[in-house]
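Q: pasted the sequence and its predicted model underneath.
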Amino acid sequence: MKTYHNHLEIISDPANLEIVEKFVNTFTQEIGLDHEKLPGLLLSMTEAVTNAIKHANKYDVNKKVQIDVTLDDKLLTLKIKDEGKGFDPETIPDPTEPENLLKDSGRGLFLMRFYMKELRFDVTPTGTETTLVMDLEEGE
């Protein structure tokens, strides 16, 4: 069984998305991720981190975003934890509905659901943990 773990902590500054992108590129090389899965993974990760910085932590550089990556055999799990108050994903408009096509909100969640096997949000007293799960053997 193949296992792997990595961790990154950033302050809530959008400039740190470049650090997140390098982090993703590094760990995907370390685990030997199929190159065809990288764009969806990178997009999902940057959407989740952007949401944490912008919507949850409100660009407050005193608040951090924690990222944990775990690989257990064929399941890659990404946990992005913010220090915000949480939200109800059911209240986010579906970007594929005609009345929402020109709106910016909701696209990130839609894309994460599209590329990931599983997407969860766990609201805790100290923030929200977004969990993305990708099956590395799916689609092969």
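A: Perfect, I can see it now. Numbers count the residues shown, from 1 in each chain.
Q: now the worst-scoring helix or strand of the chain on mean pLDDT: how far from the chain's centre is it?
A: Lowest by mean pLDDT, DSSP states H and E among the helices and strands of the chain is helix 107-115, with a mean of 85. Mean C-alpha position of helix 107-115 versus that of the full chain (C-alpha atoms, centre = their mean, to the nearest Å) differs by 10 Å.
Q: after that helix, which helix or strand is next? Please name it.
A: strand 118-124 (DSSP states H and E).
Q: also compute the angle for the least confident helix or strand of the chain relative to strand 118-124, please.
A: Orientation note: helix 107-115 sits at an angle of 130 degrees relative to strand 118-124 (axes from the mean of the first three to the mean of the last three C-alpha atoms, to 10 degrees).
Q: can you give me the buried ones in helix 107-115?
A: For helix 107-115, a neighbour-count test (16 or more other C-beta atoms under 10 Å) marks 108-112, 115 as buried. Every residue, glycine included, has its C-beta placed from N, CA and C.
Q: nearest spatial neighbour of Val49, chain-adjacent residues omitted?
A: Counting by C-beta to C-beta, 6 or more residues apart in numbering, Val20 is the residue found nearest to Val49 once chain neighbours are left out, at 5.1 Å.
Q: outside of the helix or strand in which the one you found is found, which residues touch it?
A: Per DSSP H and E: Val20 is located in helix 17-31. Helix 17-31 has contacts (C-beta atoms under 8 Å, 6 or more residues apart in numbering) with 2, 4, 6, 8, 10, 38, 41-42, 45-46, 49-50, 53, 67, 69, 71, 76.
Q: how does it look with 6 Å?
A: 4, 6, 8, 10, 38, 42, 45-46, 49, 69, 71 (C-beta atoms under 6 Å, 6 or more residues apart in numbering).
Q: what does stretch 69-88 give?
A: 1-6, 27, 31, 48-49, 52, 56-57, 63, 65-68, 123, 127-134, 136-137.
Q: quick one, strands of the protein?
A: Taking DSSP state E as the test, the strands found in the chain are 3-11, 64-72, 75-81, 118-124, 127-135.
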